[in-house]
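1. What follows is a predicted structure for the sequence shown.
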Amino acid sequence: MPAPQLSTTAPEDDRHFVTALARGLEVLSCFRSGEKLLGNQEIAQRCGLPKSTVSRLTRTLTMLGYLIHVPDAGKYRLGTATLALGSAMLTGLDVRQIARPLMQRLADFAQAEIALGTRDRHNMLYIEHCPCPQPIISDLDMGSRIPLATTAMGRAWLAACSAADRQEALDYLQAHAPEQWAAAQAQAPLWPAAKERAQPWLTCSFGDWLEHVNAIALAFSPGRGLPLMVISCGGPTRLVSPDFLMQRAKPELERMVRRLQQAIYKA
C-alpha cells in the first residue's frame, strides 16, 4: 500500500504559513523507524512534491546537517542536527521518566509490550516503549509510528480527544489516508458521548491492525500543556488473548494510568 502523501498546503487566507519551511519539515518526517536511507524519488512520492523540489530541499537540509548524503547509495539518512532536536524534545517530556517504571511493571505482569504514544497526523507515535519480556520478533520501539484508525492506541486517542480535535483528525485521514478514514468511520458508533469522554475510555484492537496482534489501550491527559497521550498493552495473539487482555490486563492498565496521573500531578 503506498504511503499517504503529506500536505504542505495552508488555507489561502493564512499569510503567516511558510510553505518552504513546511516542505523541509515534511522531508524530515518521511524517515520512519527502521528506515535508514531514502532517495529523492522515494521522498518525492511520500511528500507529493516534484523530484526537482525535493532535490533542492535535501541539498539544503544536508548543508544544515539535518540530512547526510550517502554517495554509494545515492540516498540520504538523518543527520545529527535532527538528533539534537529530538533529544531536546524528549528531555522535556518528563512524563516518560515517570511512566517508564510503571510501564515495565505492567509489561512484566502481562508478558506483553507496553507503549506510550501520542498522535502524529495519521499515525500514533511511540514516545516510550517497554518490549515484551518474552522473546518475540518485533520492530516496534521508541519513535515507531502505527496507524491511527486500526490500532488500540489510535482508537483510544480518537475516543478520548475533543470533538474539534477528532474532526481535524478525521478530515486529515479523509484527505491523506482514505483507508484509515473508512476504518475510523466504522468505529464511530463506539465513541463515547461528550459527557463520558472526560473519563478514561478503554479501546481494543484484536487482529484489526495486524492479524497476529491483540492490544488494548487507555488515553489520559498529562496536563502541563502536553498533548493527549495513550498507554497500550498488547502483543502476539499466541501470547495475549482477548480474554486475557480484557479480564486480567485491563484492571492493571487502568490502575497503572491512575498511578501515572497521580505521579505526574505530584511531580
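-> Sure thing, it's come through.

2. From now on I want contacts and neighbour counts done on CA atoms only, so please keep to that.
-> Fine.

3. Run through the stretch 1-150 of the chain and note the low-pLDDT ranges.
-> For the stretch 1-150 of the chain, applying pLDDT under 70 flags the ranges 1-14, 33-35, 83-93.

4. Show me the strands in it, by range?
-> Counting by DSSP state E, counting those that start in this stretch, the stretch 1-150 of the chain has strands at residues 67-70, 75-78, 113-120, 123-130, 145-147.

5. Mind checking these for the one nearest to C30?
-> strand 75-78 (10.2 Å; C-alpha to C-alpha).

6. which helices and strands does that closest one pack with?
-> Helices and strands touching strand 75-78, by 3 or more C-alpha pairs under 8 Å, 6 or more residues apart in numbering; DSSP states H and E, are strand 67-70.

7. Which residues belonging to the strand it packs on are considered buried?
-> 67-69 (16 or more other C-alpha atoms under 10 Å).

8. For P50, which of the strands of the stretch 1-150 of the chain is the nearest?
-> Per C-alpha to C-alpha, nearest to P50 of those: strand 75-78, 16.6 Å.

9. as a whole number, average confidence for the helix or strand containing D165?
-> Under the criterion of DSSP states H and E, D165 resides in helix 163-176. Averaging pLDDT along helix 163-176 gives 91.

10. This structure: helices as residue ranges?
-> 19-29, 40-47, 51-63, 80-92, 94-110, 152-160, 163-176, 178-187, 242-244, 250-266 (DSSP state H).

11. Quick one: closest of those helices to F206.
-> Of all those, it is helix 242-244 that lies closest to F206, at 6.7 Å by C-alpha to C-alpha.

12. Pull the contacting residues for R155.
-> 148-149, 203-204 (C-alpha atoms under 8 Å, 6 or more residues apart in numbering).

13. which one of the residues you listed is nearest A169?
-> Minimum distance to A169 across the contacts of R155 is 9.1 Å, recorded for L148 (C-alpha to C-alpha).

14. give me every residue that touches the closest one.
-> With C-alpha under 8 Å, 6+ apart, L148 has these contacts: 119, 122-124, 154-155, 180.

15. nearest to P251, of the strands of the stretch 1-150 of the chain?
-> Nearest to P251 among the strands of the stretch 1-150 of the chain is strand 113-120 (14.5 Å), distances taken as C-alpha to C-alpha.

16. Which neighbouring elements make contact with that closest one?
-> With contacts taken as 3+ C-alpha pairs under 8 Å, 6+ apart, strand 113-120 sits against helix 94-110, strand 123-130, helix 152-160, strand 229-236.

17. Quick one: the strands of the stretch 1-150 of the chain as CSV, columns for distance to Q41 too.
-> Output for the strands of the stretch 1-150 of the chain, formatted as CSV (distance: least, C-alpha to C-alpha, whole Å):
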stretch, distance to Q41
strand 67-70, 14
strand 75-78, 9
strand 113-120, 23
strand 123-130, 23
strand 145-147, 22
